[in-house]
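# Model the structure of this input:
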Amino acid sequence: MIQLRGYEPRDLDAMFRLDEVCFEEPFRFTRSAMQRFAESSKARAVIAESDAALAGFAILHVEGSVGYIVTLDVAEDFRRQGLAQRLMQAMEWQAVEAGCAVVGLHVFVGNEAAIRFYERVGYERTGDVPGFYGEGLDAWAYTKKLGVKT
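Down below sits the predicted model:
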């Protein structure tokens, strides 16, 4: 059974190792970048655990009324079981709780599985960002409007 909980600094090493498995360079984060993203005062991070092992995680940054999904990582053994959707719902809930009206993210134009996933969970392509991941590595920008908590 998978449990969701908030980030703790002790999670960092496992998160970094999972990110190395999930993403090839230049799409993965360095350990120091992962720590900055996870521990920023703007961050909301959710950890998914199964029997004390990291099954996945997501990091959201809040900037005023906008949330930004920094990353979503799911371990291979836990894919295609709805965990990515649970993590996105948790991020969106965190964004609503923080007063965000919209959540955005970027995805590599060649990552067809991620593109299908984000579109299936309600994100709309709003533009392109040439070179977002480095020279010749473009991204699509996606956003989703949220029901803001009153």
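# Check the offset of the lengthiest helix in the chain from the chain's centre.
Criterion DSSP state H: the longest helix present in the chain is helix 83-97. Averaging C-alpha positions (CA atoms, centre = their mean, to the nearest Å) puts helix 83-97 9 Å from its chain's average.
# Same check on stretch 91-98?
In terms of CA atoms, centre = their mean, the centre of stretch 91-98 is set 13 Å apart from its chain centre.
# buried set for it?
Using 16 or more other CB atoms under 10 Å as the test for burial, stretch 91-98 gives 91-92, 94-96, 98. The way it works is simple: take the backbone N, C-alpha and C, and place the C-beta from them, glycine included.
# what's the answer for stretch 4-12, then?
Residues of stretch 4-12 classed as buried by neighbour count (16+ other CB under 10 Å): 4, 7, 11-12.
# mind listing the helices for the protein?
Assigned by DSSP H, the helices in the chain fall at 12-22, 31-39, 83-97, 112-120.
# Find the one among these with the highest mean neighbour count.
Mean neighbour count (mean count of other CB atoms under 10 Å) peaks for helix 83-97 among the helices of the chain, with a mean of 19.
# and the angle from that helix to helix 112-120?
Here the directions of helix 83-97 and helix 112-120 differ by 50 degrees (axes from the mean of the first three to the mean of the last three CA atoms, to 10 degrees).
# And the average pLDDT for helix 83-97 is what?
Mean pLDDT, helix 83-97: 95.
# Does anything pack onto it? Which helices or strands?
The elements that helix 83-97 packs onto, with contact taken as 3 or more CB pairs under 8 Å, 6 or more residues apart in numbering; DSSP states H and E, are strand 2-6, strand 43-50, strand 53-63, strand 66-74, strand 102-108.
# thinking again about what came up before, nearest to V66, of the buried residues of stretch 4-12?
Ranked by distance to V66 (CB to CB), these are led by Y7 at 20.4 Å.
# residue contacts, that closest one?
Shown in contact with Y7 (CB atoms under 8 Å, 6 or more residues apart in numbering): 38-39, 43, 45-47, 57, 59.
# Throw those into TSV and include distance to V21 and pLDDT, thanks.
As requested, the contacts of Y7 are arranged in TSV below (distance: CB to CB, whole Å; pLDDT from 0 to 100):
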residue	distance to V21	pLDDT
A38	17	95
E39	21	95
A43	22	95
A45	18	95
V46	19	96
I47	16	97
F57	12	96
I59	16	96
